[in-house]
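**Student:** The following block contains a protein sequence and its predicted model.
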Amino acid sequence: MRYCKKRQVHFMIISVSRRTDIPDCYAAWFFNRLREKIVYNQNPFNKNQITEVSLKEEDVDCFVFWTKDPTKFLNRLEELTNYHYYFQITVNAYGFDLEPRMSKKRETIIRNFQELSKIIGTKKIIWRYDPIILNDKYDIDFHIRNFEQLAEKLADYTQKCIISFVDLYRTAKKNQSKHGIYEMNSKNIDSLIRNFVPVAKKYNLIIETCSEKIDLSHYGINHAKCIDNKLIGEITNNNNITHKKDPNQRKECGCVQSIDIGVYNSCRNKCSYCYANYNEGLIDKNTIRHNPNSRLLIGEVTPDMKISRKKRNLFDI
């Protein structure tokens, strides 16, 4: 019998960020960190536990940028020349009640989505229509109508749309209940998807779901890996990118392992449904504590903080 010895590979994927909109709210800080080639990442459960993460070109395999507005990155992409990356950009059609900052600049965001795609290509920009929220104002007819309107504007500039359905998280439930948001059931979802699929086919878009239990494969819709080893492998021309699931994410999440450098309750967009930014008072305090020259996204290093160095992850393949 012949045994194959496992090969081991190192990798580091940086998520920027699930926890807050760094490209929109903290772009200057990010590029300062990139210039210094180092960032301090604070443990969300222990503020005194800091991890030093290298941002050297040879250490970072890929950045995954999550944002609702890429505008502040458009004129600074040359600073990312020696890095691999892709963007996930959320474009919904909600009003001021749910997205107070986004609703005022929706058309600008769409234009900049298009412009960014022209520069980096359709593979490296993913449209997120999420979370899908239902209440008396944003009903199924609203989503059917607006999904097609947005698809018409964005489909030539991306290959994929990732959708998800709102989760009533304990932390964000107060904000969500204020707007009469209710949890979706299989009947609601089926009504939406039966209308979304023909639109996706019309505009040659792939639809995938993010962190959802429901199986929609009979519609041709698969579960997404938002941090996607296959896509990263294509972008980097590296077949050794790990396929190991991130253990820090929910069971339904397909993402591979990454390091997220964001901080909860620091996003200035203050979207009412957000699970990661649910305490407006704390968001305001954190915004004041932000220093674009600090290695920490929020606050400064203090003597009681313990700093450890993050090594590139090692995996068997």
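**Tutor:** Arrived safely, thanks for sending.

**Student:** mind checking how far Asp260 is from Ser15?
**Tutor:** 4 Å (Cβ to Cβ, to the nearest Å). C-beta here means a position set from N, CA and C on the backbone, and glycine is covered the same way.

**Student:** oh sorry, the question was meant for Lys124
**Tutor:** For Lys124, the distance to Ser15 - Cβ to Cβ - is 15 Å.

**Student:** so where is the stretch 51-200 of the chain shaky, pLDDT-wise?
**Tutor:** 168-177 (pLDDT under 70).

**Student:** for it, what spans make up the helices?
**Tutor:** For the stretch 51-200 of the chain, helices defined by DSSP state H, counting those that start in this stretch occupy the ranges 71-74, 106-120, 140-154, 173-178, 186-202.

**Student:** Could you work out which of the ones you listed reaches nearest to Thr51?
**Tutor:** helix 71-74 (24.5 Å; Cβ to Cβ).

**Student:** The closest one packs against which elements?
**Tutor:** helix 22-25, helix 27-36, helix 106-120 (3 or more Cβ pairs under 8 Å, 6 or more residues apart in numbering; DSSP states H and E).

**Student:** could you check the angle helix 27-36 makes with the helix or strand following the second one?
**Tutor:** Think helix 27-36. Next helix or strand after helix 27-36 toward the C-terminus (DSSP states H and E): strand 38-43. If you take axes from the mean of the first three to the mean of the last three Cα atoms, to 10 degrees, strand 38-43 sits at 120 degrees to helix 27-36.

**Student:** Now for Lys225, how many residues are close by?
**Tutor:** 20 (other Cβ atoms under 10 Å).

**Student:** Spatially central residue in this structure, please.
**Tutor:** Trp66 (3.3 Å; Cα atoms, centre = their mean).

**Student:** Enumerate every residue touching that one.
**Tutor:** Counting by Cβ atoms under 8 Å, 6 or more residues apart in numbering, Trp66 makes contact with 15-18, 21, 23, 87-88, 90.

**Student:** among the helices and strands packed on helix 71-74, which is the most enclosed?
**Tutor:** A comparison of the helices and strands packed on helix 71-74 by mean neighbour count, using mean count of other Cβ atoms under 10 Å, puts helix 22-25 on top with a mean of 23.

**Student:** Check which helices and strands that helix sits against.
**Tutor:** Under the contact definition 3+ Cβ pairs under 8 Å, 6+ apart, helix 22-25 sits against helix 27-36, strand 62-67, helix 71-74.

**Student:** Swap in 6 Å and give it another go.
**Tutor:** In this structure, helix 22-25 packs against strand 62-67, with contacts taken as 3 or more Cβ pairs under 6 Å, 6 or more residues apart in numbering; DSSP states H and E.

**Student:** what's near enough to touch the closest residue to Tyr129 other than its chain neighbours?
**Tutor:** In space, and not counting its chain neighbours, Tyr129 is closest to Ile163: 5.2 Å by Cβ to Cβ, 6 or more residues apart in numbering. Applying Cβ atoms under 6 Å, 6 or more residues apart in numbering to Ile163 gives the contacts 129-130, 209.
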